[in-house]
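> What follows is a predicted structure for the sequence shown.
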Amino acid sequence: QVQLTESGGGSVQAGGSLTLSCSASGNPSCEYDLKWFRQPPGKERELLSFVDPIGDPRYAESVKGRFTASRRGNTLTLEMSRLRPEDSAMYYCKSSGCNRDGAYYPDAHWGQGTQVTVSS
């Protein structure tokens with residue numbers, strides 16, 4: 001079973017930066033399907049960013065130009081800059097499955113989340 005370790009949340013003033021990291025471990029043969037989500041207080045959880053199979057980062061419209069995703073092995077990093085108060089949320093890493101030997105094995109797991117708070 002995959003284990004997800006998130007780090008890098010915290011509190012910052014508007015305009016500041018934070019970097020989140022999500023490391024997946026479990027099956028060394030897997031390339032895990034990792035994505036970042038966030039859930040502001042009282043709102044739905046939303047897909048934020050991931051790196052697609054050909055290596056291109058994908059972003060929600062609300063963070064394009066401010067957030068940068070990168071991936072190395074089974075670690076997905078999210079560099080967040082020009083943070084705004086509306087970016088305050090619990091940020092979650094999700095593994096949706098395992099790519100192994102040319103096949104995809106769906107198996108969803110969520111990390112415990114890391115809090116990001118941006119003050120104005």
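Sure, I can see it. Numbers count the residues shown, from 1 in each chain.

> hey, which strand is longest across this protein?
strand 89-100 (DSSP state E).

> Parallel or antiparallel, list what pairs with that strand.
Strand pairing for strand 89-100, determined by DSSP bridges: strand 31-39 (antiparallel), strand 103-110 (antiparallel), strand 114-119 (antiparallel).

> So which residue is smack in the middle of this structure?
W36 (2.4 Å; CA atoms, centre = their mean).

> quick one: pLDDT of the residue in the chain sticking out farthest from the centre?
Distance to the chain centre peaks in the chain at D101, reaching 24.5 Å (criterion: CA atoms, centre = their mean). At D101, the model reports a pLDDT of 93.

> Identify the residue spatially nearest to it, adjacent ones excluded.
Take D101 and drop its neighbours on the chain: the residue closest to it by CB to CB, 6 or more residues apart in numbering is S29, 7.3 Å away. C-beta coordinates here come from the backbone N, C-alpha and C atoms, glycine included.

> and the helix or strand containing L48, which residues are buried?
Applying DSSP states H and E as the criterion places L48 in strand 46-51. Judged by neighbour count using 16 or more other CB atoms under 10 Å, the buried positions of strand 46-51 are L48, S49, F50, V51.

> Just send those back as CSV, with distance to L83 and pLDDT too.
Below are these laid out as CSV (distance: CB to CB, whole Å; pLDDT from 0 to 100):
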residue, distance to L83, pLDDT
L48, 13, 97
S49, 14, 97
F50, 20, 96
V51, 21, 96
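
> what about the residue nearest to D101, neighbour count?
Neighbours of S29 under the rule other CB atoms under 10 Å: 9.

> Can you read off the pLDDT for it?
According to the predicted model, the pLDDT of S29 comes to 94.

> From what I see, it and G102 are in contact.
No. Contact between S29 and G102 fails when scored by CB atoms under 8 Å: they sit 11.6 Å apart.

> Find residues that contact each of these two.
Common contacts of S29 and G102 (CB atoms under 8 Å, 6 or more residues apart in numbering): none found.
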